[in-house]
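Enquirer: based on what follows, work out the 3D shape:
(2 chains)
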Amino acid sequence: VRHPPRGIPEPASVRAPIRVLIADDDRSVREALEELLMATPGMEVVAAVADADTAIEAAQRLRPDVALLDAKMPGGGGRRAASGIRQVCPSVRSVAYSAYGDRASVSAMLAAGVLGYVVKSALPEELLEAIRSAAVIGPGVAQGVTVQGAAR
Amino acid sequence: VDAAAPDPGAAARPETRRGAAPDPPPRAYRGPLRTSGAITSALDPILRLSDEAVIGYEALPCLRPAANLATPATSSAWPTAHRERSALDLACVEAALRSARHLGGADLFVGVLIRTLLDGAGLAAVDQAVRRARLRPSGVVLQVSEHEVIRDPCRAQRAAAELRGRGYRIAMGGAGIRSASLRLIADLRPDFVKVDESISRTIDLDEALRAGVASLLSASREIGSQLVAEGVETVAQRSALESLGVQLGQGRALAIPVPPPAVPGRPDFEVLDVTRVAHRKVAIIGRTAAAVRASEDSLSPEGDAPRRRDSLARALSHAAMALQNEHDPMRILSVMFDQMAGVVPVKDMAIYVADHKTHRLVPVLASGHEREAILASATSMDAGMTGWALAEGAPQNVPNAWANPHRRWIPGTPHEPQSVLLAPLVAGDRKLGVIVCWRSGLGRFTARDLEAASLFAHIAASAWRNAQLYYKLQDTVRELTRIDGQRMALLAHLVKAQEEERHRIAADLHDDVVQLLAAVNLRLQILRNGSEALQHRNFEAIQELIAHASGRLRALLFQLHPPALEQHGLVAAIRAELERLAEGCGMHPELRSAIDREPEPSARTVIFRIAQEALQNVRKHSGAASVEVEIRTAEDGTWVRIRDDGRGFSPPDASAAPTGHMGLRVMEERARLAGGWWRIDRVAHGGTAVEFWVPGLVPAPAGAARSQEPHSVEASR
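Expert: Here you go, the predicted model:
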């Protein structure tokens, strides 16, 4: 049974699939993300990497629509990955995917240039929606995290 | 004859009764007095007033104290018969000459009856006695008393010429109290004219006496003889005599008479009094303690006593203030040294410190010409006069150092006559040291010096003790501050360690469990939407993830608090820890346990934590191939030893930074706070042993069996 995603301009199926770069140092999460996105219509995984440097390099090379970045990973974490990607390839939209939901972690990532921030305890649907939002409208913050004064 | 008030008439008796039957002498004293050695001599120093140099000693005959000691009463039986008296006179001369052994270069004044000298045989006997005693006649001054009435001036002149021919000098004693004195001075032309003590005694109060002494002085100058004032007892008398131009004197204001050198077995004897018995000055000797009181009574009649006490009081209060201002137990000795010089002025002084640990008296400060030699020689605490004074615990006035049985003397070394004043420093029951003062010459310290030194020693000893206690207190405060600082550092370390532990647990939770659950979350979404094949695969993946997560959680919980400790007891918990350790780094573990009773819960936690920390150290630092844990119930507590065969540990240097070896300190502190002990040692063949004991056992159940773990247990898998 498929539930049409909420708040996404219709029809998604007619648009080209959203090309997603996954960066997460935990293998089990990385593999689960890859399988989930591949199984989700309208999404496509262009690469799954485990650290910031590889993420920046892959973003520059593959030019994904969205980079899904773990906040805490080797090579400077999601923060460095996000700012690096914005520098080398401004068209790529970054979304943070993190175990931490505290305000400091969120604002650090937003400051680094992510358009969305999803905590790992959020429902997977919310993650998918955040990816779609980022791909379509740009700035947006996932549900499950309250970010005060985050508008830039 | 009454010793206290000599009868002037007695002098004339032998002369007036010439030819009559001699008085029978008292039987009891006939024998002993003739026996050689029955009579001994005290020595009364004669000083030059200008510089207090000793120019000679007057020998004062006294009876050697028999079993019941010499008192004036024994002297009262002095023989009066002529023959007896001549024999006795010679005995007295011989005794005087015997006493000259310790005089150095000073002259010996020997009292002799004029009658003995007028008799040719008597003169020859005296001369023989001097030569027998191996003395030079030039060092001997024969002192005649003018009590004798000489009828024939020519005989006196002849005798004087004879004596001078043999090298002797002559002194005339008791000048100024007999009408015949001028006659005798003229006949004998003595080298010394000695003014009688009865004149010295009131010289400061009586103008007529002063005029008389002045004329005597000018008469002496005229014939080239020197005037000696006898019996100078007060400072006022002394200054009155000095202002008249008298240059020599003797008496207690200048020096005290020195008792006979050898009173066998009776070192505590001293001269109590100098008096006249049968025209002869004699010394009355008796016990010291009585003598101190007696001399103090006789010393301060009226006159200048208040003034003298004033100056002593001033010096003492000055000393007390100076001592109070010094708190350093070593520096206070210098203050003591300086202040003592104001109380008893001497050139030669030393302070010895009693070192009770080594049982030695250590010289710390000294002055005078023997300074170097004194400072170079520490002595045993009970050796010598210093040791004797310390043992007595009371000040000692030793008028003749060489006659003191406690003196140490190297045979063959020269010894100058010397007086010593010893003031032990005693505070409460603690004997801290001794102040020693020397003056050259015999009997150079007076009762007043002894009193002053005694008071000063009391003040100085208590000030010194206070300084010591003050120093000790400061030391204790410093030590407490240091310990407090260590505790604070330890506390900070514990807080930091706790924080780090929490941080590590948080990181563990994030890295393991949160990620695993996130993956489960994502895969559940696939399970919901994905194809059948996908669903099947994900189902298995989720099961794996959950199993993995719960495994990690269990490990984490075990680290936080091993459930085995409560459920299965200390040994089981340590065994689990040991196995975990062995699993981690492939070490060979061994556990020996002989626990009769489980430690009580709080003790158990402490023991487990210390063991855990020690095992962590083994894992991190030792590089050991095997580790052995031994646990035993001992003395109402639990004893544990953890030994490895690793590279061994270097014992922490106490002065090293307190933060180093903090893990060790934490272990030690844990054990100590629980009332036990802890230590770390190097093992003989390399490796380290941590050993500790913590008290507290659960109450023994009635009829409890022995150990649950009686045997050695091999903990390896």
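
Enquirer: in contact with the closest residue to B:Ile256 other than its chain neighbours, which residues?
Expert: Closest residue to B:Ile256 apart from its sequence neighbours, by CB to CB, 6 or more residues apart in numbering or on different chains: B:Gly443 at 4.5 Å. C-betas here are computed from N, CA, C, even on glycine. By CB atoms under 8 Å, 6 or more residues apart in numbering or on different chains, the residues touching B:Gly443 are B:43-45, B:255-258, B:399-400, B:419.

Enquirer: from B:Cys437, how far off is B:Gly443?
Expert: Distance, B:Gly443 to B:Cys437, using CB to CB, to the nearest Å: 14 Å.

Enquirer: where do the contact lists of those two overlap?
Expert: Contacts common to B:Gly443 and B:Cys437, judged by CB under 8 Å, 6+ apart, are absent.

Enquirer: hang on, the residue nearest to B:Ile256 in a strand?
Expert: No: assigned with DSSP: H, G, I helix; E, B strand; the rest coil, B:Gly443 falls outside any strand and is coil.

Enquirer: so what's the residue count around B:His561?
Expert: Residues lying near B:His561 (other CB atoms under 10 Å in any protein chain shown) number 12.

Enquirer: same thing with B:Leu47?
Expert: 25.

Enquirer: model confidence at it, what's the number?
Expert: pLDDT recorded at B:Leu47 is 91.

Enquirer: same question for B:Val228.
Expert: At B:Val228, the model reports a pLDDT of 94.

Enquirer: and the helix or strand encompassing it, what does it pack onto?
Expert: Element membership for B:Val228, per DSSP states H and E: strand B:226-229. For strand B:226-229, the packing partners by 3 or more CB pairs under 8 Å, 6 or more residues apart in numbering or on different chains; DSSP states H and E come out as strand B:192-195, helix B:207-222, strand B:248-249.

Enquirer: contacts for the shortest one?
Expert: Under the criterion CB under 8 Å, 6+ apart, residues B:46-49, B:55, B:192, B:200, B:226-230, B:232, B:238, B:241 lie in contact with strand B:248-249.

Enquirer: average pLDDT across the longest helix along chain B?
Expert: Secondary structure of chain B per DSSP state H: the longest helix is helix B:447-508. Taken as a whole, helix B:447-508 has a mean pLDDT of 86.

Enquirer: restricted to buried residues, select the contacts of strand B:248-249 in ChimeraX.
Expert: Applying 16 or more other CB atoms under 10 Å in any protein chain shown to these, the buried members can be selected in ChimeraX as follows:
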select /B:46,47,49,55,192,200,226,227,228,229,230,232,238,241
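
Enquirer: pick out the most distant pair among the contacts of strand B:248-249.
Expert: Distance extremes for the contacts of strand B:248-249: the farthest pair is B:Phe192 and B:Arg238 at 18.2 Å, using CB to CB.

Enquirer: about what we covered before: does any bit of the longest helix of chain B sit next to chain A?
Expert: No: Helix B:447-508 stays clear of chain A (CB under 8 Å from any CB of the partner chain), getting no nearer than 9.6 Å.

Enquirer: tell me what that helix is packed against?
Expert: Judged by 3+ CB pairs under 8 Å, 6+ apart, helix B:447-508 is in contact with helix B:288-299, helix B:305-324, helix B:331-343, strand B:396-398, strand B:418-427, strand B:430-440, helix B:532-560, helix B:662-673.

Enquirer: next secondary structure after that helix?
Expert: Downstream of helix B:447-508, the next assigned helix or strand under DSSP H and E is helix B:515-529.

Enquirer: quick one: that following helix to helix B:532-560, angle?
Expert: 160 degrees (axes from the mean of the first three to the mean of the last three CA atoms, to 10 degrees).

Enquirer: quick check: neighbours of the helix or strand encompassing A:Ala67 in the sheet, parallel or antiparallel?
Expert: Under the criterion of DSSP H and E, A:Ala67 resides in strand A:66-70. Strand A:66-70 has its sheet partners listed here by DSSP bridges as strand A:18-23 (parallel), strand A:93-98 (parallel).

Enquirer: contacts for the last one?
Expert: Contact partners of strand A:93-98, identified using CB under 8 Å, 6+ apart, comprise A:24, A:33, A:65-72, A:78, A:81-82, A:85-86, A:105-106, A:109, A:112-120, A:127, A:130-131, A:134-135, A:138, A:142.

Enquirer: what sits against the residue nearest to B:Ala133 when sequence neighbours are not counted?
Expert: Leaving aside its chain neighbours, B:Ala133 sits nearest to B:Leu97 (3.9 Å; criterion: CB to CB, 6+ apart). By CB under 8 Å, 6+ apart, the residues touching B:Leu97 are B:59, B:108, B:110, B:129-130, B:132-133, B:135, B:140.

Enquirer: report the rounded mean pLDDT for the one helix or strand B:Leu97 maps to.
Expert: B:Leu97 is part of helix B:82-98, with elements assigned from DSSP H and E. The average pLDDT within helix B:82-98 is 77.

Enquirer: helix, strand or coil for the closest residue to B:Gly251 other than its chain neighbours?
Expert: Excluding the flanking residues, the one nearest B:Gly251 by CB to CB, 6+ apart is B:Val232, at 3.5 Å. The three-state label given to B:Val232 by three-state DSSP is coil.

Enquirer: which ones are touching B:Val232?
Expert: Contacts for B:Val232 (CB under 8 Å, 6+ apart) come out as B:200, B:238, B:241, B:249-254.

Enquirer: now, these that are in strands?
Expert: B:Gly249 (DSSP state E).

Enquirer: okay if I get the contacts of B:Val232 as JSON lines plus pLDDT?
Expert: Output for these, formatted as JSON lines (pLDDT from 0 to 100):
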{"residue": "B:Ser200", "pLDDT": "89"}
{"residue": "B:Arg238", "pLDDT": "91"}
{"residue": "B:Leu241", "pLDDT": "93"}
{"residue": "B:Gly249", "pLDDT": "94"}
{"residue": "B:Gln250", "pLDDT": "92"}
{"residue": "B:Gly251", "pLDDT": "88"}
{"residue": "B:Arg252", "pLDDT": "82"}
{"residue": "B:Ala253", "pLDDT": "83"}
{"residue": "B:Leu254", "pLDDT": "85"}
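
Enquirer: okay, the helices and strands packed on strand B:226-229, which one's buried deepest?
Expert: Of all the helices and strands packed on strand B:226-229, strand B:192-195 carries the top mean neighbour count, a mean of 27, counting by mean count of other CB atoms under 10 Å in any protein chain shown.

Enquirer: which other helices and strands contact it?
Expert: strand B:140-145, strand B:169-175, helix B:207-222, strand B:226-229.

Enquirer: what mean pLDDT would you report for it?
Expert: Strand B:192-195 shows a mean pLDDT of 91.

Enquirer: surely B:Val274 touches B:Val258?
Expert: No: if you go by CB atoms under 8 Å, B:Val274 and B:Val258 don't touch, sitting 11.7 Å apart.

Enquirer: tally of neighbours for the residue nearest to B:Lys347 when sequence neighbours are not counted?
Expert: Counting by CB to CB, 6+ apart, B:Lys347 lies nearest to B:Gly368, which is 5.1 Å off, once chain neighbours are set aside. Number of residues near B:Gly368 (other CB under 10 Å) recorded here: 14.

Enquirer: phi and psi next, for B:Gly368.
Expert: Phi and psi for B:Gly368, reported as degrees, to the nearest 10, are phi 100, psi -180.

Enquirer: isn't it right next to B:Phe337, touching?
Expert: No: taking CB under 8 Å as the definition, B:Gly368 is not a contact partner of B:Phe337, at 11.8 Å.

Enquirer: right, I'll leave it there.
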